[in-house]
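1. Got a predicted structure plus its sequence, pasted below:
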Amino acid sequence: MKRRITIAIDGYSSCGKSTIAKELAAKLGYSYIDSGAMYRAVTLFAMQNNLYKSGALDTERLIPRLGEIHISFRFNAERDASDTYLNDQNVENEIRRMEVSEKVSEVSSVKEVRTKMRTLQQDFGKNKGVVMDGRDIGTVVFPDAELKLFMNANLDIRALRRFEELKAKGDTAGFGQIKENLVKRDYDDTHRNEDPLTKSDDAIELDNSDLTREQQLNLVLERVEDLLRLL
Ligand code: DC
């Protein structure tokens, strides 16, 4: 039997990480874990429990409550994808809302939140055969991953993709607001003290601005096949 590997996909917001991650996982029979969904679920928990003071996250009240947060993924046959659950509630749609996108950077910059998420993520990937996307997967969560990708795409293309994705779900966020949110999250993700987004030295850079989904998938699958031949 072929050896199973770990595939870590990092990069900026909305540059197609989850698209390629899901396609790779389906092709290889691996599981796909969306680590961003986990930070979004913690953000939703903070919002639902009003852990904010004068509009800012009240870290001192969030940290002692982290033990109450249980995140899991369950396959949804209708969508042919996994839904995110927060304490046994399906929150897949809610965590994609613009309001959550606007608050998630603050939550994901808290050290204790990151430690908890990292432990969970490492546990999800302990048997290999996993594709995980996020911001620190190849650098912090799985530094020994056999394949690391670092993705990017033109800002306008990324904003348009997110705009269309949200519109399809009935979210009324405008293109300008979405673009502004992406610029802010890029800045926050690359400048935070805890595990900032950086390209791991051994990651392959992939700019998919001018690639079709199919071209991108084939390119990455070739790398996977090369790797599996060598193992
Ligand atoms: O992938 P996404 O846009 O759904 O992620 C939401 C936010 O979560 C992103 O702005 C930064 C944070 N995040 C993180 O800090 N580390 C990860 N591994 C994944 C996401």
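-> It's in.

2. Report the contact partners of residue 149.
-> For residue 149, the contact set (Cβ atoms under 8 Å, 6 or more residues apart in numbering) comprises 7, 8, 9, 10, 11, 20, 138, 203, 204, 205, 206, 220. Glycine gets a C-beta too; all of them are placed from N, C-alpha and C.

3. Please confirm that the first one is located within a strand.
-> Yes. Counting by DSSP: H, G, I helix; E, B strand; the rest coil, residue 7 is located in a strand.

4. so it makes contact with residue 27?
-> No. Applying Cβ atoms under 8 Å as the test, residue 7 and residue 27 come out as separate, 11.1 Å apart.

5. The two: which is more packed in?
-> residue 7 (30 against 13; other Cβ atoms under 10 Å).

6. Who does that one form a beta bridge with?
-> In this entry, residue 7 is beta-bridged to residue 131, residue 147, by DSSP bridges.

7. The nearest residue to residue 111 once chain neighbours are set aside and residue 220: what is the separation?
-> Spatial nearest neighbour of residue 111, excluding adjacent residues (Cβ to Cβ, 6 or more residues apart in numbering): residue 194 at 5.0 Å. Applying Cβ to Cβ, to the nearest Å, the value for residue 194 to residue 220 is 29 Å.

8. Which one of these two is surrounded by more residues?
-> Between residue 194 and residue 220, counting by other Cβ under 10 Å, residue 220 is the more crowded of the two (21 against 14).

9. What is the burial count for residue 129?
-> Neighbour tally, residue 129, other Cβ under 10 Å: 16.

10. From residue 108, how far off is residue 157?
-> From residue 157 to residue 108 the distance is 24 Å (Cβ to Cβ).

11. Now do the contacts for residue 47.
-> Residue 47 neighbours (Cβ under 8 Å, 6+ apart): 99, 100, 103.

12. if you count what's nearby, which of residue 157 and residue 108 comes out ahead?
-> residue 108 (26 against 15).

13. Identify each buried residue in the helix or strand where residue 228 lies, please.
-> Using DSSP states H and E, residue 228 maps to helix 213-230. Within helix 213-230, the residues scored as buried using 16 or more other Cβ atoms under 10 Å are 216, 217, 220, 224.

14. Using a markdown table, please lay out those together with distance to the ligand.
-> Below are the buried residues of helix 213-230 laid out as a markdown table (distance: Cβ to the nearest ligand atom, whole Å):
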| residue | distance to the ligand |
| --- | --- |
| 216 | 17 |
| 217 | 19 |
| 220 | 18 |
| 224 | 21 |
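
15. No further questions, thank you.
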